[in-house]
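Q: any chance you could fold what I've pasted below:
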Amino acid sequence: MKPVKVGICGLGTVGGGTFNVLQRNAEEISRRAGRGIEVAQIATRSPKPQFETTGIAITNDVFAVATNPEIDIVIELVGGSLLLVGVLPAAIPESVVANKMPDQFVLEHARELGETASLLSNDLGAASALAWRLKRPDVALYNTIGELKYGLAYPDGASQRVDPDRVQQWMHDARQRGSVGVLMRVKGEDELREIDRLPKDGKRYEQGNLVILIFPQGAS
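A: Below is the predicted model of the structure:
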């Protein structure tokens, strides 16, 4: 039986620790899972010589890993406390690309988003795309605490958490410092209510279930 091939996006403190755990406990994981497990590709922005990665494909593009048809499981650890684990099929139908992959949507509006002073997203995958493509790990996470099992609970992640009951104050404060870019994934009524809490004077772009809002500096 073929081993499960794993791709890791991000090789910082958490990503590096994950890599070490997988390598150190590969035999035990394989025994329990009934299949071998192999770290096949890693995306990292800079070389990490402290890790033994001989024989593993290394890239600086997280989306090269996420779209690699040879990878069965992607562990995405970008921007310190952003965590997303997803199982990828061998091919992604074109009809779901817009809904599931925010990267291209971010690229299309990268100039406007990159000019903003603050970034906000209600979805971990979308926030990861923002952080990676704009090279900015300071994306605030709007009402995502239910998706995150750890990370934002730590002191260094607290400033990135924006709860619904304080998002209006957060937006007001952020707009005093400069313009604000928001990337929302809208899956139902809950997310529509999240958007309804935001100011109404933002420039709006939509693609599938993704919405980008650009708010100018100065609270309305």
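
Q: partners of the host helix or strand of residue 206, with directions?
A: For residue 206, the host element (DSSP states H and E) is strand 203-207. When sheet partners are counted by DSSP bridges, strand 203-207 sits next to strand 210-215 (antiparallel).

Q: quick one, helices of the protein?
A: In the chain, the helices defined using DSSP state H lie at 13-24, 26-33, 62-66, 94-100, 103-108, 110-114, 124-133, 155-158, 167-177, 189-196.

Q: quick one: which of the ones you listed is nearest residue 40?
A: helix 62-66 (9.0 Å; CB to CB). Using the backbone N, CA and C atoms, a C-beta is placed for each residue, glycine as well.

Q: dump that closest one to PDB, restricted to CA.
A: Taking Å, rounded to 0.1, in the frame of the first residue of the first chain, the C-alpha atoms of helix 62-66 are listed here in PDB:
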ATOM      1  CA  VAL A  62       2.700  27.400  -0.300                       C
ATOM      2  CA  PHE A  63       0.300  27.000  -3.200                       C
ATOM      3  CA  ALA A  64       2.700  24.700  -5.100                       C
ATOM      4  CA  VAL A  65       2.200  22.300  -2.200                       C
ATOM      5  CA  ALA A  66      -1.600  22.900  -1.900                       C
END
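
Q: what average pLDDT does that helix get?
A: For helix 62-66, mean pLDDT is 73.

Q: distance between it and the chain's centre?
A: Offset of helix 62-66 from its chain centre (CA atoms, centre = their mean, to the nearest Å): 12 Å.

Q: now stretch 212-220
A: Worked out by CA atoms, centre = their mean, stretch 212-220 lies 23 Å from the chain centre.

Q: contacting residues for the closest residue to residue 61 other than its chain neighbours?
A: Distances taken as CB to CB, 6 or more residues apart in numbering put residue 43 closest to residue 61, at 6.1 Å, once the chain neighbours are dropped. Residue 43 makes contacts with 7, 8, 9, 10, 11, 58, 59, 60, 61, 62, 64, 65, as judged by CB atoms under 8 Å, 6 or more residues apart in numbering.

Q: picking that back up, list of residues touching the strand holding residue 206?
A: In this structure, residues lying in contact with strand 203-207 by CB under 8 Å, 6+ apart are 98, 105, 109, 112, 211, 212, 213, 214, 215.

Q: by mean pLDDT, which helix or strand of this protein comes out lowest?
A: strand 82-87 (a mean of 37; mean pLDDT, DSSP states H and E).

Q: where's the residue nearest the centre of the chain relative to residue 183, distance?
A: By CA atoms, centre = their mean, the chain has its centre lying nearest to residue 128, at 2.0 Å. Per CB to CB, to the nearest Å, residue 128 is found 10 Å from residue 183.

Q: swap in residue 203?
A: In this view, residue 203 and residue 183 are 13 Å apart by CB to CB.

Q: between those two, who's got more neighbours?
A: Per other CB atoms under 10 Å, whichever of residue 203 and residue 183 has more neighbours is residue 183, with 26 against 13.

Q: in this structure residue 10 contacts residue 76, no?
A: Yes. In terms of CB atoms under 8 Å, residue 10 counts as a neighbour of residue 76; the distance is 6.7 Å.
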